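> Quick one, what's the 3D model for this:
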Amino acid sequence: MTPFYPIWRTITGGACCWIYTPMQRSLNVISGYLPCPNTLGDAQQTYWLLEALSEAGIQVHLFTFCDQDTTLDTANNPTINATRHPQLFKICRAVTTYTINKGHRNFSFSAPYATGKFLNQALIQNLAANNFPILIEGMGPSGLALSKDLEHRKIWVRILNYAPNYFRYLQERSIAPLKKLFYQRETILSKRVLKKINQRVSWITTSGADKKNLEDLFLNGNIQILAPFASSSNNISSKTGLGNYCLFQGNLSDAATHKTARWLLTHVFHNLKVPFVITGSNPTPSLVALAHKQPHTCIVANPSSAERQDMIEKAQIIIQPSFIKEVADEALLEGIKKGRHCLTNSKTTSSHLGTCYHQGASANAFQEIIVQLYHHPFSEEEIDTRKKLIATEKTNQVLAKECVTIIWD
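Model prediction:
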């Protein structure tokens, strides 16, 4: 039953009456990174969630984190500057930002560093000041659920990446012994903290594979599947004919995305003389140097939304391997909607969109597929196939209704 509350009393002929209206639902959303539609990865996924919930009439109170050098105000709990990020204030009732903890103070023998950097007592106090349900985006900030101040609250955690798999991938791709040891430690501790958090929260996963991972880890728990949100437009805008280069895009400040970009440069395009462009946010100086080491590879850092869309449109092959997610990720789906040929690694979880992209099991396989596709014009028939398959995807409006049902029913 929909709750109601009185908005005011009128007096007519000496009689009093109350006018009732449906109660506005409010939700606390915690994101480890500033949600932005132009940044691929978890931040983009969270932005689309917020946008859809806002359109569904949910008042969102967003609590998010920034690096210290990008914090927008100097107060302890600053409200983010509306002129710098107007899109967030259009879809959120309030936006508050906190500084990510860095350094040795986050070290713990019982919890991963990845959760310690988001522990913030001021945030916990602000959450305790209301009684709205809490949705935590990703495992990073989920350690907040263990606070005694929140032990009686209704808390959901939406798993965007299964953390043990994420850190295992980083361990396998790291060369330095200390980094390997660090990521091995994070893998072990992330499993332990997930088990602790399971006693206090309910879970939302974006795929059946992640749900199975949690079920195998917990042997119980309240776990719901909610498909990933996507760009509000499901239109296919791919161009026919030939493009000019191969393109990889992503949040390059993310450690796993950084290592994937390096893998492409050192194992696929090191001896494949095909133009290759990497684009994304905040690449490290070492990645920039590596990308410009050869004349046929380059990197474009921090493109605007319009620039990024233009690069996708002009590419011949969108190359989006993801060695952590077992299904097509956001960047690959964007390539399907806006780009020509798409290439990713082999996925263990089948998708009805599988006919929209090519899959390679190794660096050699990637090279062979790239050679085959680089001079192969993209056709109207392929665009029609994508349109028919994308039309069967759930819209963000449908997903928002499912999210509301999960949290409030």
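> residues near the closest residue to Thr284 other than its chain neighbours, how many?
The shortest distance from Thr284 to any non-neighbouring residue, by CB to CB, 6 or more residues apart in numbering, is to His258 (6.5 Å). For every residue, glycine as well, the C-beta is placed using N, CA and C. Burial of His258 is recorded as 21 neighbouring residues (other CB atoms under 10 Å).
> Double-check that His258 belongs to a strand.
No. Counting by DSSP: H, G, I helix; E, B strand; the rest coil, His258 falls outside a strand, being helix.
> Let me see the contact set for it.
Leu252, Pro283, Thr284, Leu287 (CB atoms under 8 Å, 6 or more residues apart in numbering).
> Against Arg168, how distant is the last one?
Between Leu287 and Arg168 the computed distance is 22 Å (CB to CB, to the nearest Å).
> Tell me which other helices or strands the strand or helix carrying Tyr98 touches.
Taking DSSP states H and E as the criterion, Tyr98 maps to strand 94-99. Applying 3 or more CB pairs under 8 Å, 6 or more residues apart in numbering; DSSP states H and E, one finds that strand 94-99 contacts strand 59-66, helix 121-128.
> Give the burial count for the nearest residue to Gln320 once chain neighbours are set aside, as a bare number.
Computed as CB to CB, 6+ apart, the closest residue to Gln320 that is not its neighbour in sequence is Leu332, at 4.2 Å. When neighbours are counted by other CB under 10 Å, Leu332 registers 25.
> Please read off the pLDDT at Leu332 from the model.
In the predicted model, Leu332 carries a pLDDT score of 90.
> Report the beta-bridge partners for Phe378.
Gly241 (DSSP bridges).
> which ones are touching it?
Ser238, Lys239, Thr240, Gly241, Leu242, Gly243, Gln316, Arg340, His341.
> next one: Val404
Arg25, Leu53, Ala56, Ile58 are the contacts of Val404 under CB under 8 Å, 6+ apart.
> Where does it fall, secondary structure wise?
Using DSSP H and E, Val404 falls in helix 396-408.
> any idea how far that helix is from the chain center?
18 Å (CA atoms, centre = their mean, to the nearest Å).
> So what's the residue count around Asn271?
8.
> Tell me how far it lies from Gly116.
42 Å.
> and if you look at Glu151?
Taking CB to CB, one finds Glu151 at 19 Å from Gly116.
> So between the two, which is more surrounded?
Gly116 (18 against 11).
> got the contact list for the more buried one?
Asn101, Asn106, Phe107, Ser108, Gly143.
> about what we covered before: and the two most separated of the contacts of Phe378?
Ser238 and Leu242 (12.6 Å; CB to CB).
> From the neighbour counts alone, determine which of those two ranks first.
Ser238 (24 against 12).
> Quick one: residues in contact with stretch 182-198.
So stretch 182-198 is in contact with 110-115, 139, 142-143, 145-146, 157, 163-164, 167-168, 170-171, 174, 214, 217-218, 220-221, going by CB under 8 Å, 6+ apart.
> among the residues you listed, which are in strands?
Counting by DSSP state E, the part of the contacts of stretch 182-198 found in strands is Val157.
> Mind giving me the ChimeraX select for the contacts of stretch 182-198, buried ones only?
With 16 or more other CB atoms under 10 Å as the criterion, this ChimeraX line picks the buried residues out of the contacts of stretch 182-198:
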select :111,112,113,114,115,139,142,143,145,146,157,163,164,167,168,170,171,174,214,218,221
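> can you pull the buried residues of the longest helix anywhere in the chain?
With secondary structure taken from DSSP state H, the chain has its longest helix at helix 177-198. For helix 177-198, the neighbour count (16+ other CB under 10 Å) marks Phe182, Tyr183, Glu186, Thr187, Leu189, Ser190, Val193, Leu194, Ile197, Asn198 as buried.
> would TSV of those residues with pLDDT and distance to Ala391 be doable?
Shown next, in TSV, are these (pLDDT from 0 to 100; distance: CB to CB, whole Å):
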residue	pLDDT	distance to Ala391
Phe182	93	45
Tyr183	94	41
Glu186	94	40
Thr187	95	40
Leu189	94	43
Ser190	94	38
Val193	93	40
Leu194	94	36
Ile197	94	38
Asn198	94	37
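> Among those, which one sits closest to Ala291?
Tyr183 (23.8 Å).
> Give me the distance between the spatially closest residue to that closest one that is not a sequence neighbour and Leu252.
In this structure, Tyr183 finds its nearest non-sequential neighbour in Gln171, 3.8 Å apart by CB to CB, 6+ apart. For Gln171, the distance to Leu252 equals 20 Å [CB to CB].
> List only buried entries from the contacts of Phe378.
Of the contacts of Phe378, these count as buried by 16+ other CB under 10 Å: Ser238, Gly243, Gln316, Arg340, His341.
> Now go through the residues you listed and say which are in strands.
His341.
> Tabulate the buried ones among the contacts of Phe378 in a markdown table, adding columns for distance to Ser231 and pLDDT.
Putting the buried ones among the contacts of Phe378 into a markdown table (distance: CB to CB, whole Å; pLDDT from 0 to 100) gives the following:
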| residue | distance to Ser231 | pLDDT |
| --- | --- | --- |
| Ser238 | 14 | 95 |
| Gly243 | 20 | 97 |
| Gln316 | 22 | 98 |
| Arg340 | 18 | 97 |
| His341 | 20 | 97 |
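> Good, we can wrap up now.
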